[in-house]
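# the following block contains a protein sequence and its predicted model.
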Amino acid sequence: MFIVGDKIVYPMHGAGIIEEIEEKKILGQTREYYILRVPCGDMKIMIPIDCSDDIGVRPIIPSSRLPEVLELLSSESTEMSSNWNRRYRENMELLKTGDICKVAEVVRNLIRTDRTKKLSTGEKKMLTNAKQILISELILVGKMTYEEADRIIETSIE
């Protein structure tokens, strides 16, 4: 169980800091929730504590792993399906893992694909979401601003 002040990642939403642990009654059921403040967009998220393990909530990576993530962003793209629908499903599965390296891989591949041939509307939305997830964790791990994290991603992917 995490405590107030812990920095955690909620897959598909990003990283944030637990501001509170509250008991709330929703739809007739009383549960405890982590109240997570995400640095991107100043958003608050309620995560039910009893199923946080099942949905993949994890602590943010240690700063010692930051070079690994940046190396992954600058490495060669992985081969993706030419069928956008299959590519979308495969990337969605990677994002659902909540693993920062898999999220970075999706961001890298989609940015490079967008630079050579335009992405579908669904993939553009996925790229925006994946980039926000990656940026939110980079902000907390590297103690940087949104702009710095965004610039690091863009310059790493050349």
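Now that the structure is in, tell me what you want to look at.
# just checking, what packs against the longest helix along the chain?
Ranked by residue count under DSSP state H, the longest helix found in the chain is helix 121-142. Contacts defined by 3 or more C-beta pairs under 8 Å, 6 or more residues apart in numbering; DSSP states H and E place helix 121-142 against strand 7-10, strand 14-26, helix 66-74, helix 84-96, helix 100-116, helix 146-156. The way it works is simple: take the backbone N, C-alpha and C, and place the C-beta from them, glycine included.
# dump the ones you listed to JSON lines, plus distance to residue 53, mean pLDDT and mean neighbour count.
As requested, the helices and strands packed on helix 121-142 are exported to JSON lines (distance: least, C-beta to C-beta, whole Å; pLDDT from 0 to 100; neighbours: other C-beta atoms under 10 Å):
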{"stretch": "strand 7-10", "distance to residue 53": "12", "mean pLDDT": "96", "mean neighbour count": "21"}
{"stretch": "strand 14-26", "distance to residue 53": "15", "mean pLDDT": "94", "mean neighbour count": "16"}
{"stretch": "helix 66-74", "distance to residue 53": "23", "mean pLDDT": "95", "mean neighbour count": "15"}
{"stretch": "helix 84-96", "distance to residue 53": "15", "mean pLDDT": "92", "mean neighbour count": "15"}
{"stretch": "helix 100-116", "distance to residue 53": "18", "mean pLDDT": "94", "mean neighbour count": "19"}
{"stretch": "helix 146-156", "distance to residue 53": "27", "mean pLDDT": "94", "mean neighbour count": "15"}
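# as JSON lines, the ones you listed with distance to residue 37 would be great.
Listed next are the helices and strands packed on helix 121-142 as JSON lines, based on distance: least, C-beta to C-beta, whole Å:
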{"stretch": "strand 7-10", "distance to residue 37": "10"}
{"stretch": "strand 14-26", "distance to residue 37": "5"}
{"stretch": "helix 66-74", "distance to residue 37": "21"}
{"stretch": "helix 84-96", "distance to residue 37": "21"}
{"stretch": "helix 100-116", "distance to residue 37": "19"}
{"stretch": "helix 146-156", "distance to residue 37": "14"}
